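> please find the sequence and the predicted model below.
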Amino acid sequence: MSKTTRDESATDKKELNQFEQHYFTSYDHYGIHEEMLQDTVRTLSYRNAIMQNKDMFKDKVVLDVGCGTGILSMFAAKHGAKHVIGVDMSSIIEMARKIVDLNGFSDKITLLRGKLEDVVLPFPKVDIIISEWMGYFLLYESMLDTVLYARDKYLVEGGLIFPDKCSIHIAGLEDSEYKSEKLSYWQDVYGFDYTPFVPIVKEEPIVDTVDNNAINTTKCKMIEFDLNTVKLSDLDFKVPFEVEVKRQDWINGVICWFDIVFPAPKGKKPIEFSTGAHAPYTHWKQTVFYLEDDLECEKGDILRGELTCSPNKRNNRDLDVKISYEFEARGVDAKERSRKNENVYLMH
Ligand SMILES: C[S@@+](CC[C@H](N)C(=O)[O-])C[C@H]1O[C@@H](n2cnc3c(N)ncnc32)[C@H](O)[C@@H]1O
């Protein structure tokens, strides 16, 4: 159970299931933290949002959910927080202790090792929660669950969450070459038929950077979450989408990305960033779901459908995604080009 002494973990890792152990082990290595720190869109957005709100942080108790190397805790301490509590289950927190000491923040930042759900905080309530919890396709990793747990247990009435708004977007994508390369490879592997791999390959969304020019439809915001009010059950959702084709082309898949917004002082423009192909690079890149059909499209055609997203039953950090779509072609050959289909995906 809960122990919060300096060197012990409140959670016994050996008692976690294999998926959880694997998840937290992945954050033990410095490399993943290096990638996140070097993502300047990500890290500077947090810093700028904290700086922009330094009047709000002044003399406040702040909780950093999943503090990693302690970067967000130090931003908060540097910009006025009375005390910051950083919590992390991974061994990277031992490095955070050294860094916090080295940078002179050990009296302002308390670091606790363990799952946020198991630790005992030195304050019964906190004024502000900061957390960088976002995964690929926003919800992969399910870390938002932990932030909502922290909000409901520790945040004072009217307290702030950084960031507090996020949304998932979708558009149509031309990607014929890569899609056919990825699928046709299995037809002939050193002279052997490897096609049993094809359904598995189709089922897996691809996380990669996409050239914005390959997007050939309008964009659609599918869902928005307000972290001040969102419930755990809202993270298991089915949402409609509709986009309009902008040029004669092929749609081979859909591309998804997310946007993030931080609270702002009254009258100020909030700090925000996008992980879309139109925006500067982030380590989240974009997520591509190839469709069963390659849709031959003309300007004005409509792609509409529904996207369902649920935590996977076996490992709730994975996501089950279903996209059902109806492609409504327009013009003389509308009947031949129109399609209706449904694809399932597993993000793991
Ligand atoms: C995306 S990293 C962010 C690290 C750091 N805040 C930063 O911005 O560089 C998320 C961190 O949260 C930790 N984490 C995830 N779920 C947690 C939980 N339930 N309890 C404690 N730590 C958790 C992970 O170990 C990981 O170090």
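Noted; the coordinates are in hand. None of the values given here were measured: they were computed from a predicted structure.
> what about the residue lying closest to Ser338 once chain neighbours are set aside, how many neighbours?
Distances taken as Cβ to Cβ, 6 or more residues apart in numbering place Ala329 nearest to Ser338, at 4.6 Å, with adjacent residues excluded. The C-beta positions use only the backbone N, C-alpha and C, and glycine is treated the same way. The number of residues packed near Ala329 is 21, by other Cβ atoms under 10 Å.
> list the contacts of Ala329.
Ala329 makes contacts with Glu296, Cys297, Glu298, Asp301, Lys335, Glu336, Arg337, Ser338, as judged by Cβ atoms under 8 Å, 6 or more residues apart in numbering.
> go again with 7 Å.
Residues counted as contacts of Ala329 (Cβ atoms under 7 Å, 6 or more residues apart in numbering) are Glu298, Asp301, Arg337, Ser338.
> ok, now Val321?
Pro205, Phe289, Leu307, Thr308, Cys309, Tyr345, Met347.
> 6 Å instead, please
When the contact criterion is Cβ atoms under 6 Å, 6 or more residues apart in numbering, the partners of Val321 are Cys309, Tyr345.
> for the stretch 151-300 of the chain, which segments count as strands?
Per DSSP state E, counting those that start in this stretch, the stretch 151-300 of the chain carries strands over the ranges 155-162, 165-173, 206-208, 220-226, 237-244, 249-261, 272-274, 286-297.
> what does the third one contact?
Just to be clear, that refers to strand 206-208. By Cβ under 6 Å, 6+ apart, strand 206-208 touches Tyr136, Lys285, Thr287, Val288.
> the ligand: which of the residues you listed is nearest?
Proximity of the contacts of strand 206-208 to the ligand was ranked by Cβ to the nearest ligand atom; the top entry is Tyr136 with 11.2 Å.
> report how many residues lie close to the closest residue to the ligand within the chain.
Nearest residue of the chain to the ligand (Cβ to the nearest ligand atom) works out as Gly66 at 2.1 Å. By other Cβ under 10 Å, 24 other residues sit near Gly66.
> again, but for Val261
With other Cβ under 10 Å as criterion, Val261 counts 20.
> so it sits against Asp164, correct?
No - Val261 lies out of contact with Asp164 (Cβ atoms under 6 Å); the separation is 7.0 Å.
> hey, where'd the helices end up in this protein?
Under the criterion DSSP state H, the chain carries helices at the ranges 18-26, 30-38, 40-52, 54-57, 71-78, 92-102, 144-154, 176-184, 198-203, 334-337.
> between these, which one is nearest to Val243?
When the helices of the chain are compared by Cβ to Cβ, helix 334-337 sits nearest Val243, at 15.9 Å.
> all set, thanks.
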